[in-house]
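> after the sequence you'll find the predicted model.
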Amino acid sequence: MQSQDVAQGQSSAAAGPVVDVERAEAALVEHYPRLVRLAYLVLPPGLGRNRRVLTAHALTQRALPRGRARASVVPAQATGRESDPGYALVRLQVLRTALEAGQPLRRRRWPKRSQLPPLLPQVWGLRLFPRSGGADELALDQRLSALPAPARAAYVLRGLERLADADVRTVLGAAGVEDPAAALAEADTVPARYALLDSPEFDPCSLQARPTDLMRRRQHLKAALAAAAAVAVCGALLGLPDDGWDPDGAAAPVYAHNASARAALDPAKLTRVPAAAWQSATRTDFSAWPARGDLTGDTALLRRALAVWARPGENVRVSVTPGTASGGPPGPPQLLYAGSVDRARVVILYDGLRIARYAEPRDGTAGAALDFARADGAGRAEASAVVLHRTGPNVRYLMAPWVKRAAERDLLKPGAGAMELTLTDGVTSPLASPAPRSGACSSWNVLQVSDGSGTRLMSDLGELVPARLTSGRPGSARDAAGAQALRTWAPFACSLAHARGQGVRSVNAWAYARQPLPDGSGSGVWVCTRAETWRGGGERVLAQFQTPGGTYGAVAAKADGGPACGAKDPHVLAGVLWKSSGGAWYVLAAGSRDTVSVAATGGVTGSARGNLLAVRTKQGAHAELRGTLASGRSIGGLR
């Protein structure tokens, strides 16, 4: 059956219309960004991001036929490419060569052109790589990296090209895949997060650039020759094990030799805070954390961590929260942790503004990762925990020295108790992270922290510093640890997924109105959640509505940025189209308590005194909301 699929794919490819080179060129130019993205996703991740970018462009630019050729009859499914044989032809060529590039070299066979580094394009003095995405894109990239090339190609053809499985088998067969059905089966093991394939994380046409070597290019000829000789020697040493003669591990070559740079990269000059210093410190934040872990004396590990921070190599996985600088430390940073965690070695550093986490496998430096998060202005509450290590769905935290107890709690179950976590030298036992999973949101596990001054909840949003959860009216919100706060948060916990990867510092839930339903079936609750970021911008506001007996709240309106629902402007107005149990449709709207009137215009007309409005309407109606505050100021509804 599998060989039949291949034969069918090849015959289909051969039965398509004849395409001349001009038509193929027009299709390539028009859809060049998509074709390069397809090649980048299919190419083996082991090439490194810089070479994958250049190879993807080279393979796409070489996809033109030499003359007239027959195109595959498989259509392109996305808008603008239907029934375009020119596009189908160049897509097939790009896919075929990207698959060939991942094949291993053999001794007694000449390598194919696609298996060699591209002669063109070339960029001298720069490393190019796509912009970093969020935690979701990172997780998808890791899952795709574990797949063989045919399975990656099947996943990309499904998600990026929107091809049906039968068409995917045909294209893979035409591209030379021996078992397209097996490739599709392996692609099924990766969750269908196809929308993420359009992320900048996988866009080799929107790139970031880093220098490879700045100082050496400015030296005179004699120094350049000496440097070239040194590079040749270093190239020979690259074949040695990672723990051999390479003190900087996965770091890029040295490009700075000034005194401040040397001081910042000297493990002996790292700031180390005594274990009991926090008890008398005037500031209880990350600067009061002592250095912990079983590898704080491993000079070689600390040197590698500092070197990678200053100049990450092209194979280092770097993630940066929005608004966070990713450059090297301005001076010797503070050591918070260096130790073995599960199957990795982890170093956590702090430079007064940022937390930097370096991680490498225990058996070498290949696959090293570097993560950054802002932490400026953190107080005792925000500096309670840092993500130490993630293993699958579980996460370990490094806790502040003042934390006495840590526990795991399901935010969706306010009546359930918290499960105690063990603390060993400040490191928690593993707890389940609320990572996005396929299907319905059935749990949202958070970290519960007790430090003697109170109890607070913190949620992992895919970054180094977990977000603090609060509840109450803006300006007087408190930690969401009490029974009432837990009940307020429970229906809206899953909405925290909207704040993932945004550099969030805290999220507040404010139950600002309770509205009797027009059919007398009870009262609905209006809650506004506002995510504040470390950078002081990019806030995300959601107005949500929960009906009686409902397990989850529904997002009625949202806004990115702006002061609504915050301490500087504790006002909000939102509406929702609601259907009663009898089948009647209504526009329901609610404002905060100081709203004295609400009016609806546009597709729905109505007004009411006070902060609540209910107007009978039809399915699909749209309304513009305006409210008047007690001060006389007018506010609009969130959209």
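Sure, I can see it. Residues are numbered from 1 along each chain as shown.
> show me the helices in the stretch 101-250 of the chain, by range?
Remark: helices assigned in the stretch 101-250 of the chain by DSSP state H, counting those that start in this stretch are 135-145, 149-159, 165-174, 180-187, 221-237.
> CA atoms only: put the shortest one into PDB for me.
Looking back up the chat, that one is helix 180-187. C-alpha atoms of helix 180-187 as PDB (Å, rounded to 0.1, in the frame of the first residue of the first chain):
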ATOM      1  CA  PRO A 180       4.700   8.900   2.800                       C
ATOM      2  CA  ALA A 181       2.100   7.100   5.000                       C
ATOM      3  CA  ALA A 182       4.700   6.500   7.700                       C
ATOM      4  CA  ALA A 183       5.800  10.100   7.500                       C
ATOM      5  CA  LEU A 184       2.200  11.300   8.000                       C
ATOM      6  CA  ALA A 185       1.800   8.900  11.000                       C
ATOM      7  CA  GLU A 186       4.900  10.300  12.600                       C
ATOM      8  CA  ALA A 187       3.700  13.900  12.000                       C
END
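> now do that helix and helix 149-159, the angle between them.
80 degrees (axes from the mean of the first three to the mean of the last three C-alpha atoms, to 10 degrees).
> helices and strands of this structure: which one has the lowest mean pLDDT?
Comparing every helix and strand of the chain by mean pLDDT, DSSP states H and E singles out helix 2-14 as the least confident one, with a mean of 37.
> give me the nearest residue to the residue nearest the centre of the chain, chain neighbours excluded.
Nearest to the mean C-alpha position of the chain, by C-alpha atoms, centre = their mean, lies residue 134 at 1.3 Å. The spatial neighbour of residue 134 that comes closest, neighbours along the chain excluded (C-beta to C-beta, 6 or more residues apart in numbering), is residue 501 at 2.9 Å. For glycine as for every other residue, the C-beta is placed from the backbone atoms N, C-alpha and C.
> what's the burial count for the one you found?
Number of residues near residue 501 (other C-beta atoms under 10 Å) recorded here: 19.
> if I pick it, what's in contact with it?
Taking C-beta atoms under 8 Å, 6 or more residues apart in numbering as the definition of contact, the neighbours of residue 501 are 133-136, 321-322, 461-463.
> and if we set it to 7 Å?
Residue 501 makes contact with 134-136, 461-463, according to C-beta atoms under 7 Å, 6 or more residues apart in numbering.
> which one of those is nearest to residue 94?
When these are compared for distance to residue 94, the smallest value, 25.9 Å, is given by residue 136; criterion: C-beta to C-beta.
> let me know the pLDDT of that closest one.
As predicted, residue 136 sits at a pLDDT of 77.
> cool, and residue 121?
Predicted confidence (pLDDT) at residue 121: the value is 70.
> I'd say it and residue 56 touch.
No - taking C-beta atoms under 7 Å as the definition, residue 121 is not a contact partner of residue 56, at 10.3 Å.
> the two: who's more crowded?
Counted by other C-beta under 10 Å, residue 121 and residue 56 do not tie: residue 56 has more neighbours, with 26 against 12.
> that one touches residue 35, doesn't it?
No - the criterion here is C-beta under 7 Å, and residue 56 misses it with residue 35 at 8.6 Å.
> before we move on, the earlier item: for the residue nearest to the centre of the chain, phi and psi?
Its backbone dihedrals place residue 134 at phi -90, psi -170, with angles given as degrees, to the nearest 10.
> quick check: it vs residue 620, distance?
Here residue 134 is placed at a distance of 33 Å from residue 620 (C-beta to C-beta, to the nearest Å).
> once you drop chain neighbours, what's closest to residue 398?
For residue 398, the spatially nearest residue (C-beta to C-beta, 6+ apart) is residue 388, at 4.4 Å.
> OK, contacts around the one you found?
Contacts of residue 388 (C-beta under 7 Å, 6+ apart): 337, 341, 346, 396-398, 427.
> so which one among those has the lowest pLDDT?
When the contacts of residue 388 are compared on pLDDT, residue 341 comes out lowest, with 93.
> now it: closest residue in space, sequence neighbours ignored.
The shortest distance from residue 341 to any residue that is not its chain neighbour, by C-beta to C-beta, 6+ apart, is 4.2 Å, and that residue is residue 389.
> do the same with residue 432
For residue 432, ignoring the flanking residues on the chain, the nearest one in space by C-beta to C-beta, 6+ apart is residue 445 at 4.7 Å.
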